[in-house]
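Q: can you look at this prediction? I've put the sequence above it.
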Amino acid sequence: MSGPVLVGVDGSATSLAAVEAAAREADRLGVELRLAHACEWPAASVSPGVPPWDPGGSGSRGPASSALTAAERRARGAAPGVRVTHTVLMGEPASVLETESHGSSLIVVGSRPVSRFGSGRRGSVASRLAAGGGSPVLMVRGGPLEAGPIVLACDDGQVGRQAAEFALAEASARETDVVVLNGSATRNGRPQDGRYDSVAALREKYWDVPVRRPRVRGGTRRAVIEASTHAQLVVVGTRHRGGWPAALRATISRAALRHADCPVAVIHEEGTNR
């Protein structure tokens, strides 16, 4: 897909970290970076004919402009050659970003930290976008690591081609290896009973990427969360199953978005793997 990399911007430290990651992804994909700031204004406060992002007249758009300016500065520092555009959207952030994600190559969001096993809504926006958005989703937390593998897993026991290619391309760009954790339908990480192996099918294209398939003990979900403590990125393949509530039952992607200690990419699989 040649659409832009879309990133949510709100001026927070987590969103600026997401902007840096999004700029690097846009550079890798060779597409533009689109900065999106969502404004939530009560409808009653907006007079007819007045722009919804500036209901009070001049000056009310200041916070949005400030956030976008800071984000553009951070993006250009991370990837100077990337073309940067920006937009102000009206509405609840997850809803407007979900709409804007259609036609994008990737949507990137930050994550508010919560305790590892405590309550909270860590990853909630990313979970909604992963389930109902129109593009792959990358949720960023923490600073970028310079070492560590790319961890690849899936929700249904069979790694799809889109997730495999995303993981291998990331590993190639970062000059690291891919660790396949796929224990639910495999033995030692290898497809059984003639299942299609998407990773093996892409080895000729990504010949420079070492691939490891360790034995999974204690379930794939637990293995992914444990591996995330020393990984640069977790990539999880998932398939739409009738909208957001149904997709939330995909336990590996949901657990990774809530509990992984590194950035998480959720890649929608479409059609067959072949």
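A: Structure's in. What do you need?
Q: what about stretch 82-93, average pLDDT?
A: In this model, stretch 82-93 carries a mean pLDDT of 88.
Q: before we move on, what about stretch 64-79?
A: 91.
Q: tell me the centre residue of the protein?
A: Using CA atoms, centre = their mean, the residue of the chain that lies closest to the mean C-alpha position is L138, 1.0 Å off.
Q: ok, that one to G157 distance?
A: 23 Å (CB to CB, to the nearest Å). (Each C-beta comes from the backbone N, C-alpha and C, glycine too.)
Q: and if you look at R254?
A: To G157, R254 is 16 Å away according to CB to CB.
Q: try A94
A: Between A94 and G157 the distance, using CB to CB, works out to 29 Å.
Q: neighbour count winner among these two?
A: Each of A94 and G157 had its neighbours counted (other CB atoms under 10 Å), and the higher figure belongs to A94 (20 against 16).
Q: my guess is the more buried one meets S127, correct?
A: No: no contact is recorded between A94 and S127 when judged using CB atoms under 8 Å, the distance being 9.2 Å.
Q: just the element for the residue nearest to the centre of the chain, please.
A: Assessed by DSSP states H and E, L138 sits inside strand 137-140.
Q: also G237?
A: Secondary-structure assignment from DSSP H and E places G237 in strand 233-238.
Q: residues contacting D208?
A: Applying CB atoms under 8 Å, 6 or more residues apart in numbering to D208 gives the contacts S172.
Q: need phi/psi at it.
A: Comment: the main-chain dihedrals of D208 come out as phi -80, psi 0, following degrees, to the nearest 10.
Q: and the average pLDDT for stretch 257-268 is what?
A: 91.
Q: distance from the chain centre to that stretch, please.
A: For stretch 257-268, the separation from the chain centroid amounts to 7 Å (computed by CA atoms, centre = their mean, to the nearest Å).
Q: what residues does it touch?
A: Against stretch 257-268 from outside (CB under 8 Å, 6+ apart): 21, 116, 122-123, 126-127, 130, 135-142, 145, 148, 160, 162-163, 166, 170, 224-225, 228-229, 231-240, 253, 256.
Q: show me what secondary structure element comes after the helix or strand harbouring R74.
A: In this assignment (DSSP H and E), R74 forms part of helix 62-78. As assigned by DSSP H and E, the chain's next helix or strand after helix 62-78 is strand 84-90.
Q: show me what that next one is packed up against.
A: In terms of contact count using 3 or more CB pairs under 8 Å, 6 or more residues apart in numbering; DSSP states H and E, strand 84-90 is assigned the packing partners strand 33-39, helix 62-78, helix 93-101.
Q: with only the CA atoms kept, save the first one in PDB.
A: Meaning strand 33-39. Below are the C-alpha coordinates for strand 33-39, written out as PDB (Å, rounded to 0.1, in the frame of the first residue of the first chain):
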ATOM      1  CA  LEU A  33       4.000  10.900   7.300                       C
ATOM      2  CA  ARG A  34       0.600  12.400   8.300                       C
ATOM      3  CA  LEU A  35       0.300  13.900  11.800                       C
ATOM      4  CA  ALA A  36      -3.200  13.800  13.100                       C
ATOM      5  CA  HIS A  37      -4.500  15.800  16.100                       C
ATOM      6  CA  ALA A  38      -8.100  15.000  17.300                       C
ATOM      7  CA  CYS A  39     -10.100  17.700  19.100                       C
END
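Q: give the other helices and strands that it contacts.
A: For strand 33-39, the contact count by 3+ CB pairs under 8 Å, 6+ apart identifies strand 5-8, helix 13-29, helix 62-78, strand 84-90, helix 93-101 as packing neighbours.
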